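Novice: predicted model follows, preceded by the sequence.
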Amino acid sequence: MTTTKADEPLVGDILVIDDEASIVEVFTAFLEEEGHRVTAALTGAEAMELIKANSYDVIFIDLVLPDMDDREGGLRLLEFGKQIDP
């Protein structure tokens with residue numbers, strides 16, 4: 001059984017998906033400063049490959065990505081991720 005101290009920060013593997021590089025940079029800087037391991041994707045296609053190859057504790061998704069065929073592409077990515085790693 002693994003125990004942790006109450007004052008130890010939780011660290012996670014986080015995927016940030018957004019087509020705007022400046023938003024990805026802000027998320028990444030903040031999350032890494034808090035001790036998290038961050039991976040970023042600028043397209044839906046890149047995100048799909050990362051989700052297939054890795055497991056993430058949290059995924060931040062821009063719901064509207066230009067390379068996805070409709071305004072709900074981000075939701076489809078979320079569903080895809082849940083199927084790969086519930």
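Specialist: Received, thanks.
Novice: burial of Leu10, as a residue count?
Specialist: Counted with other Cβ atoms under 10 Å, the neighbours of Leu10 add up to 9. All C-beta atoms are positioned from the backbone trio N, CA, C, and that covers glycine.
Novice: for this protein, what are the low-confidence residue spans?
Specialist: 1-9, 70 (pLDDT under 70).
Novice: all helices for it, in order.
Specialist: Applying DSSP state H to the chain gives helices spanning 21-33, 44-53, 73-84.
Novice: now the longest one, how far from the chain's geometric center?
Specialist: So the one you mean is helix 21-33. Here the centre of helix 21-33 is set off from its chain's centre by 11 Å, with Cα atoms, centre = their mean, to the nearest Å.
Novice: can you tell me how far the residue most central in space within the chain is from His36?
Specialist: Residue closest to the mean C-alpha point of the chain, counted by Cα atoms, centre = their mean, is Leu15 at 2.0 Å. Remark: distance between Leu15 and His36 (Cβ to Cβ, to the nearest Å) = 11 Å.
Novice: spit out the residues that contact those two alike.
Specialist: Residues touching both Leu15 and His36 by Cβ atoms under 8 Å, 6 or more residues apart in numbering: none at all.
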